[in-house]
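>>> Prediction below, plus the sequence it came from.
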Amino acid sequence: MSLAEKISPFFGRCALVWFFVAVAGDILTNFHAVDVQLGAKHVPVAPLLLVVAVVLIVLGSLSILFGYHARHGAIILFGLTAAAAVMLHDFWHIPYGATRDAELQTFARDMAICGGLLMIVGLGAGPFAADNRPPPGKKR
């Protein structure tokens with residue numbers, strides 16, 4: 001296994017975590033504005049869902065960053081990202097124009113992120129992950 005094959009999954013996980021931590025930070029710093037945006041999309045109990053989303057983002061991100069049950073963390077973030085993309089960036093309901101294009105780009109970005117998360121689900125976290133440590137008492 002080459003060096004690139006060993007470290008690429010780790011840096012890929014770091015990039016995904018960076019995105020999700022930025023999203024969680026944005027939600028926390030602009031909580032009221034995000035709550036209003038969700039209300040405009042007719043999302044019920046938006047404040048509660050935002051708190052749950054931030055908790056899931058933090059837990060899933062930590063899981064992926066350290067590679068500890070990374071597949072579970074990736075599934076959680078996949079579900080959250082896919083649901084948010086479909087519910088909040090429904091470009092197919094918007095007439096052609098700049099707003100539709102912006103929503104389509106955001107939706108496409110979210111689907112690409114879902115693809116990266118599904119790669120973690122299918123292939124695992126890679127060599128530099130807590131899931132790949134040897135059992136206690138055994139050496140590699």
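That came through fine.
>>> C-alpha only now, for contacts and for neighbours.
Will do.
>>> which residues touch the residue nearest the centre of the chain?
The residue lying closest to the centre of the chain (Cα atoms, centre = their mean) is Leu77, at 4.2 Å. Contacts for Leu77 (Cα atoms under 8 Å, 6 or more residues apart in numbering) come out as Leu56, Ile57, Gly60, Ser61, Leu117.
>>> name the element the fourth one belongs to?
Read that as Ser61. Ser61 belongs to helix 46-66 when assigned by DSSP states H and E.
>>> What residues of that helix count as buried?
For helix 46-66, a neighbour-count test (16 or more other Cα atoms under 10 Å) marks 46-47, 50, 53-54, 56-58, 60-66 as buried.
>>> do stretch 66-83 as well
By neighbour count on 16+ other Cα under 10 Å, the buried set for stretch 66-83 is 66-78, 81-82.
>>> Please tell me how far Val55 sits from Ala102.
Per Cα to Cα, to the nearest Å, Val55 is found 27 Å from Ala102.
>>> ok, back up a step: identify the farthest-apart pair in the buried residues of helix 46-66.
Maximum pairwise distance among those (Cα to Cα): 30.0 Å, between Ala46 and Phe66.
>>> Run through the protein and note the low-pLDDT ranges.
Within the chain, the ranges that satisfy pLDDT under 70 run 139-140.
>>> run the last query once more with 90
For the chain, the stretches with pLDDT under 90 are 1-6, 90-95, 128, 131-140.
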